[in-house]
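**Q** I would like the atomic coordinates for the input below:
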Amino acid sequence: MIAIIDYGMGNLRSVQKACEYVGYDARITADKQTIRDASHVILPGVGAARDALQNLRERGLFDEAIRAAESGKPFLGICLGMQLLFDRSLENGEHECLGLVPGEVVPFRVNGLRVPHMGWNSLQIRNNPLFSREESETYVYFVHSYHAQGVEEGDIIATCEYGYPFTAAVRRGNVFGTQFHPEKSGDAGIAMIKNFGGLRL
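**A** Next comes the predicted model:
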């Protein structure tokens, strides 16, 4: 069973439907025991880091998310959920995040390009179990104004370019993150969800 952490932000139902489409039992939940019983955990997110962190703490899910990731089960952060994996975010101030992946989240600084970075863009993929082995490039859907920097090279599993190269997906042990939305990325995104749900680490 895949637990989709419900902290009041994120397109929860879209993520659940993508999981169900490939045959997985996925439950939107704020219940700690359900999260502990799950074989896989997804932390989705849409919106601002400060609000997300506040909601996680108020619902007692900040420490629970860390516990789930440290348990060794496959753990996936999507979009804002990926940004929350890092040490800190500089979105509207400085905020301590989950600290599961070294790095920090900073605003895009691109001349002549719109922010947020929104729409389809190509990923440059490095070999890892979230993506199909034969792929080196694929197109996915982004909506974000911030991105991770200072990420260790070995943790980066995909990059993208928007004015300059940025980290688009990470893996540190059992913890994965995608800056893009797999659930909105057509067949390529569905394949990633299927691969994630099939992980046995």
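
**Q** show me where pLDDT drops low in this protein?
**A** Within the chain, the segments meeting pLDDT under 70 span 133-136.

**Q** okay, strands next: where are they in it?
**A** When secondary structure is read from DSSP state E, the chain shows strands at 2-5, 26-29, 40-43, 75-78, 88-89, 95-96, 104-107, 117-125, 137-144, 146-149, 156-161, 165-172, 175-178.

**Q** packing partners for the second one?
**A** What that stands for is strand 26-29. Strand 26-29 sits against strand 2-5, helix 12-21, with contacts defined as 3 or more C-beta pairs under 8 Å, 6 or more residues apart in numbering; DSSP states H and E. (Glycine included, C-beta is placed from N, CA and C.)

**Q** adding mean neighbour count and distance to residue 183 as columns, could you present those in JSON lines?
**A** Shown next, in JSON lines, are the helices and strands packed on strand 26-29 (neighbours: other C-beta atoms under 10 Å; distance: least, C-beta to C-beta, whole Å):
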{"stretch": "strand 2-5", "mean neighbour count": "25", "distance to residue 183": "10"}
{"stretch": "helix 12-21", "mean neighbour count": "18", "distance to residue 183": "4"}
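
**Q** for the ones you listed, could you give me JSON lines that also reports distance to residue 99?
**A** Formatted as JSON lines, the helices and strands packed on strand 26-29 follow (distance: least, C-beta to C-beta, whole Å):
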{"stretch": "strand 2-5", "distance to residue 99": "16"}
{"stretch": "helix 12-21", "distance to residue 99": "23"}
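
**Q** closest to residue 94 out of those?
**A** Taking C-beta to C-beta, strand 2-5 is the member of those nearest to residue 94, at 23.4 Å.

**Q** in space, what's closest to the residue of the chain positioned farthest from its centre - neighbours in sequence excluded?
**A** The C-alpha centroid of the chain is most remote from residue 112, which lies 27.2 Å away (C-alpha atoms, centre = their mean). The shortest distance from residue 112 to any non-neighbouring residue, by C-beta to C-beta, 6 or more residues apart in numbering, is to residue 163 (8.0 Å).

**Q** would you confirm that residue 129 contacts residue 195?
**A** Yes. Judged on C-beta atoms under 8 Å, residue 129 makes contact with residue 195 at a distance of 6.2 Å.

**Q** these two: which is more packed in?
**A** Shown here are residue 129 and residue 195; by other C-beta atoms under 10 Å, residue 195 has more neighbours (19 against 16).

**Q** which helices and strands sit right next to the longest helix seen in the chain?
**A** In the chain, assigned by DSSP state H, the helix with the most residues is helix 186-197. On a contact count with 3+ C-beta pairs under 8 Å, 6+ apart, helix 186-197 meets helix 12-21, strand 40-43, strand 137-144.

**Q** for the last one, packing partners?
**A** If I follow you right, that is strand 137-144. Judged by 3+ C-beta pairs under 8 Å, 6+ apart, the packing partners of strand 137-144 are strand 117-125, helix 186-197.

**Q** hey, which of those is tucked in deepest?
**A** Most buried of those, by mean neighbour count (mean count of other C-beta atoms under 10 Å): helix 186-197, with a mean of 19.
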